[in-house]
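Trainee: take a look and give me a structure for this.
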Amino acid sequence: MAAARENMSYRDIKQVVVDRIQNRIWAPDSLLPSETELAEEFSSTRTTVNRALRELAEEGYLERKRKAGTRVLNAPVRKAQFSIPLVRDEIAETGASYRYSLVEQTLLAAPDWLAARLELTQGRQVLHIRCMHYADNAPFQYEVRWIIPESIPEVLEADFTQSGPNDWLVQKVPFTNLEISFMATKADQAIAEFLDAPAGDPVFTAERITWLRGAPVTLAKLYFAPGYRMTTHI
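Mentor: Numbers count the residues shown, from 1 in each chain. Model (predicted):
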C-alpha cells in the first residue's frame, strides 16, 4: 500500500483511486478499504474521502451500498459529465464578444403541453421568456424559456433586460435535479430568422428541465446557430 500522504484534497484522492483501479491494484469487484482506513492513509478527513468516492461512483467507477461498502465496478460505466454553462462564457472562450437581447417576457397560463410535461396544475402561471445571444453580433443561441414562479417567486421581480435568465437562475437556484436532452429540430420561420438559418433546416437544440426538491423550476429550449459544436469529456 502506498505511503501516507499529507493534506490530500478530494481531487488527489480521486486520482489515486482511479490509478489503483486502472493498474489493477484494486481489481474489478474488489472491496475498497473503509472510509476511516482511507482517511488515515491519506491523512485526510472522512468527509473528504466520502466526497472523492461519491464522485467516482457518479462517474461510473465505483458502486456504493450502505453497510456493504464501496466496490470497484466489474465493467466501469464511464459517464459524460455536463455542467450548465453560461452562454456568455461559451462565447468568451471562442474569443468573440458577447451581446444579449431580450425578445419577449410574458406572464401567462402554462400551455397544455408544458403543464403535462412538468405536471403543473391547471391554470398555473409561468414566466415565458424569449431572448437572443450573439457572438461578435452574429447569432449564437436563441433561447425560449418557461420559469415557474410558484417554485421561485422572486423571479417576478427579476430584470432580464440586461442579462439572460440562465445567469440569474444559476446565481439564485441551487437546483437538485436536471434533465437534459439533445436533438435536431427543424427550424420554423421564427427560429430561422433569429438564427439566420434557412427555414426547414435542422438546428442543434438542447432542452433542459431543472427541479428544486421535486418542484419544477424551469424548462428551456436552446436553439444554436449553424456551426455550433458541443464537446464533453468522459
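
Trainee: what ranges do the helices span in the chain?
Mentor: 10-22, 35-41, 46-58, 87-93, 112-118, 165-172, 189-195 (DSSP state H).

Trainee: what helices and strands are in contact with the third one?
Mentor: Meaning helix 46-58. If contacts are counted by 3 or more CB pairs under 8 Å, 6 or more residues apart in numbering; DSSP states H and E, helix 46-58 sits against helix 10-22, helix 35-41, strand 62-65. Yep, even glycine has a C-beta here, placed from its N, CA and C like the rest.

Trainee: now distance to Thr176, mean pLDDT and mean neighbour count too, for those, in TSV please.
Mentor: Rendered in TSV, the data for the helices and strands packed on helix 46-58 read as follows (distance: least, CB to CB, whole Å; pLDDT from 0 to 100; neighbours: other CB atoms under 10 Å):
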stretch	distance to Thr176	mean pLDDT	mean neighbour count
helix 10-22	21	91	17
helix 35-41	24	94	16
strand 62-65	19	91	16
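
Trainee: so for Val103, which of the helices of the chain sits nearest?
Mentor: Closest of the helices of the chain to Val103 is helix 189-195, at 7.8 Å (criterion: CB to CB).

Trainee: mind listing what's buried in the closest one?
Mentor: Neighbour counts over helix 189-195 (16 or more other CB atoms under 10 Å) mark Ile191, Ala192, Phe194, Leu195 as buried.

Trainee: to Glu157, which of the helices of the chain lies closest?
Mentor: Ranking those by proximity to Glu157 (CB to CB) places helix 165-172 first, at 10.6 Å.

Trainee: how far does the closest one sit from the chain's center?
Mentor: 13 Å (CA atoms, centre = their mean, to the nearest Å).

Trainee: before we move on, what about stretch 198-217?
Mentor: On the basis of CA atoms, centre = their mean, stretch 198-217 sits 12 Å off its chain's mean C-alpha point.

Trainee: that stretch: which residues count as buried?
Mentor: Val203, Phe204, Thr205, Ala206, Glu207, Arg208, Ile209, Thr210, Trp211, Leu212, Pro216, Val217.

Trainee: which of these fall in strands?
Mentor: When DSSP state E is applied, the buried residues of stretch 198-217 are split such that Val203, Phe204, Thr205, Ala206, Glu207, Arg208, Ile209, Thr210, Trp211, Leu212, Pro216, Val217 fall in strands.

Trainee: distance of the fourth one from Gln22?
Mentor: In this view, Ala206 and Gln22 are 32 Å apart by CB to CB, to the nearest Å.

Trainee: quick one on the thing from earlier: so which of the helices and strands packed on helix 46-58 gets nearest Thr94?
Mentor: Ranking those by their distance to Thr94 (criterion: CB to CB) puts helix 10-22 first, at 27.4 Å.
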